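**Student:** Predicted model, plus sequence, below.
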Amino acid sequence: MLKFLSKYRGLSPWEIYVASLNPDIWLKMTEANAAAFVADGNWGTAGGTASVSTAGGAFFGATSVTPSDSSRTSFYRTAVNDACYISTTAVAYLNTATIVCALKYDSAGSSGSTQIIYRDQSLTNGGGWFLDFSGTNIAFRVRGANITTGYATSNVKNGSPHLIGLSISASAYALYVDGVSVASGAIGGSTAARSGWCWSSNTSPFNAQAMAGWYGDFITWTITFTATDHANLYAHWI
């Protein structure tokens, strides 16, 4: 209990709210530097080991992408082999999952022709789970099933911070942008996401498949958030 209280002392209202929802994975990103990110690791309940590559010029301490708290910083990266990782075998995502992330696109940066925002780290599990901003519309893969939504990437790649949420049930998905459902439908597939996540790009060795920008919180749960859950999360973030 004392260790828990020590770790969460001094959190912002947004962070207190996220902590109250007991995420499995929470990369908080508002760290002073790479060493602090590795030391703090996963702020969620699933444990694991954090690592980061900044050799290509990525850095912590960048502009906030949390509108409710301008003092929070973020991780800035361009399309080089830089990324943040959390490795854990404690959680396997399959029939139910929610993945939420905060980011801001940098049109002046150097993005790859393929722009993966996050991906699970298991390269042998049938193609991985990922969110893709490469095309005209937002696309993703979960459980080995590919979906291209009808929601334009230009709605997110506009230089403003956005909170992106994806919730999966056994047979359906819903994509949320800034607390509002923008795409939904049926989805199949049977391949679990395992071994942790790569945040801010495709996983190694494909880290150049990335979007330039500022990256804030990356948060996951093994439950399916409702529309109300997403709206409440956005209300605290904004």
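**Tutor:** Received, thanks.

**Student:** Kindly list the longest helix within the chain.
**Tutor:** In the chain, taking DSSP state H as the definition, the longest helix is helix 227-237.

**Student:** Show me what it is packed up against.
**Tutor:** Identification of packing neighbours for helix 227-237 by 3 or more CB pairs under 8 Å, 6 or more residues apart in numbering; DSSP states H and E yields helix 13-20, strand 97-105, strand 162-168, strand 172-177, strand 180-186. All C-beta atoms are positioned from the backbone trio N, CA, C, and that covers glycine.

**Student:** go with 7 Å
**Tutor:** Helices and strands touching helix 227-237, by 3 or more CB pairs under 7 Å, 6 or more residues apart in numbering; DSSP states H and E, are helix 13-20, strand 162-168.

**Student:** Indicate which one of these is closest to residue 89.
**Tutor:** strand 162-168 (20.0 Å; CB to CB).

**Student:** Adjacent strands (with direction) for that closest one?
**Tutor:** The strands beside strand 162-168 in its sheet (DSSP bridges) come out as strand 97-105 (antiparallel), strand 172-177 (antiparallel).

**Student:** Please report the number of neighbouring residues for residue 145.
**Tutor:** Residue 145 has 18 neighbours, counted by other CB atoms under 10 Å.

**Student:** If you tally nearby residues, what's the number for the closest residue in space to it that isn't next to it in sequence?
**Tutor:** Distances taken as CB to CB, 6 or more residues apart in numbering put residue 189 closest to residue 145, at 3.4 Å, once the chain neighbours are dropped. Counted with other CB under 10 Å, residues neighbouring residue 189 total 17.

**Student:** Good, wrapping up.
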